[in-house]
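# Predicted model, plus sequence, below.
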Amino acid sequence: MRRRFVQEVFEKLLKLEQIDLSDELLIVAGGTAERDLLGDLGFSHVTITNLDSVEAASHLEPYQWAHEDAQNLSYPDKSFRWVIVVDGLHHCTSPHRALTEMYRVCANGVLVIEARDSLLMRAAVRLGFSSTYELEAVVAQGGRSGGLENGPIPNHIYRWTEREFKKTIRSCDPTGNHDFNFYYGLNLPYETADLRGWNVRKLLLKPAELLLSAVTAVLPKQRNSIAMIATRPTSFHPWIER
């Protein structure tokens with residue numbers, strides 16, 4: 001989990017009073033990283049779900065834990081005020097199905113933090129500084145898990161755009177106008193450099209970060225992380241009756 005960027009997003013939402021520390025949160029495809037961050041921020045009502053049985057309840061105290069498939073959540077509609085995922089949708093067979101399930105069980109909104117599809121990211125993949133398939137996560141788990149549906153097959157890294165996120169939300173709920181917000185973060189692969197076998201290239205990460213920080217200060221949408229927020233409509237379209 002890209003801790004610094006994720007924390008900045010939560011702090012912005014708290015400052016804007018879009019989210020409250022007392023809100024009931026459902027975290028899909030989550031684990032100890034989300035537990036640590038939300039605990040440090042002071043959230044009190046959190047349920048963390050995952051397909052990974054290793055993330056047992058005892059590991060995630062004081063929060064609740066449940067074994068759930070993000071693409072087929074067992075909760076009734078509007079069960080949680082906010083439903084959140086951090087770097088989890090790209091492990092799903094259908095990221096869009098998982099997103100619509102998240103929206104179904106939210107009462108107020110969804111927060112999705114994933115990789116962003118951009119020209120700069122496509123160039124990074126072509127030059128070998130990023131991957132199309134997430135081999136590193138599977139390697140880190142000894143080849144047993146961490147891939148597609150948390151299995152041993154490395155998942156395709158599905159990267160999002162704002163337009164795609166909006167279309168998916170509007171398709172699953174066409175009743176009114178949603179509020180959308182987007183934030184952008186720059187994260188270089190320091191943590192996975194050794195797993196990728198980078199000896200020379202990892203020496204270039206720091207100068208690359210300085211250059212990319214300057215470029216993306218002018219072009220923020222070229223950053224490689226995106227936080228996508230959608231809240232439920234507060235009124236119906238004029239052609240819909242309650």
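Received it, and whenever you're ready, just let me know what you need. Residues are numbered from 1 along each chain as shown.
# since we're on Leu73, how many residues are nearby?
Counted with other CB atoms under 10 Å, the neighbours of Leu73 add up to 20. Bear in mind the C-beta positions are built from the backbone N, C-alpha and C, glycine included.
# could you list every residue that touches it?
By CB atoms under 8 Å, 6 or more residues apart in numbering, the residues touching Leu73 are 28, 49, 101-102, 104-105.
# now the strands for this protein?
Counting by DSSP state E, the segments of the chain that form strands are 24-28, 45-50, 64-67, 80-86, 106-115, 179-185, 225-231.
# Output the contacts of Leu73 as a markdown table; include the columns pLDDT.
Below are those laid out as a markdown table (pLDDT from 0 to 100):
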| residue | pLDDT |
| --- | --- |
| Val28 | 97 |
| Thr49 | 95 |
| Glu101 | 98 |
| Met102 | 98 |
| Arg104 | 98 |
| Val105 | 98 |
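# Can you pick out the most distant pair from these?
Greatest spatial distance in the contacts of Leu73: Thr49 and Arg104, 14.2 Å, computed using CB to CB.
# Pick out whichever of the two has more residues nearby.
Just comparing Thr49 and Arg104: by other CB under 10 Å the higher neighbour count belongs to Thr49, 25 against 17.
# Tell me who's in contact with Val105.
Counted by CB under 8 Å, 6+ apart, Val105 has contacts 26, 73, 75-80, 83.
# try Arg116
Counted by CB under 8 Å, 6+ apart, Arg116 has contacts 159-161, 184, 221, 223-226.
# again, only using 7 Å
When contacts are counted by CB atoms under 7 Å, 6 or more residues apart in numbering, Arg116 touches 159-161, 223-226.
# Tell me, how many residues neighbour the residue lying closest to Asp69 once chain neighbours are set aside?
The shortest distance from Asp69 to any non-neighbouring residue, by CB to CB, 6 or more residues apart in numbering, is to Leu51 (6.1 Å). For Leu51, the neighbour count with other CB under 10 Å is 19.
# Asn102 and Phe180: what is the separation?
Small correction: residue 102 is Met, not Asn. The spacing between Met102 and Phe180, counted by CB to CB, to the nearest Å, is 15 Å.
# lowest-confidence helix or strand of this protein?
Here the helix or strand of the chain ranked lowest by mean pLDDT, DSSP states H and E is helix 205-218, holding a mean of 73.
# Burial check on the nearest residue to Leu99 once chain neighbours are set aside, number of neighbours?
In space, and not counting its chain neighbours, Leu99 is closest to Thr168: 5.5 Å by CB to CB, 6+ apart. Residues contacting Thr168 under the criterion other CB under 10 Å number 20.
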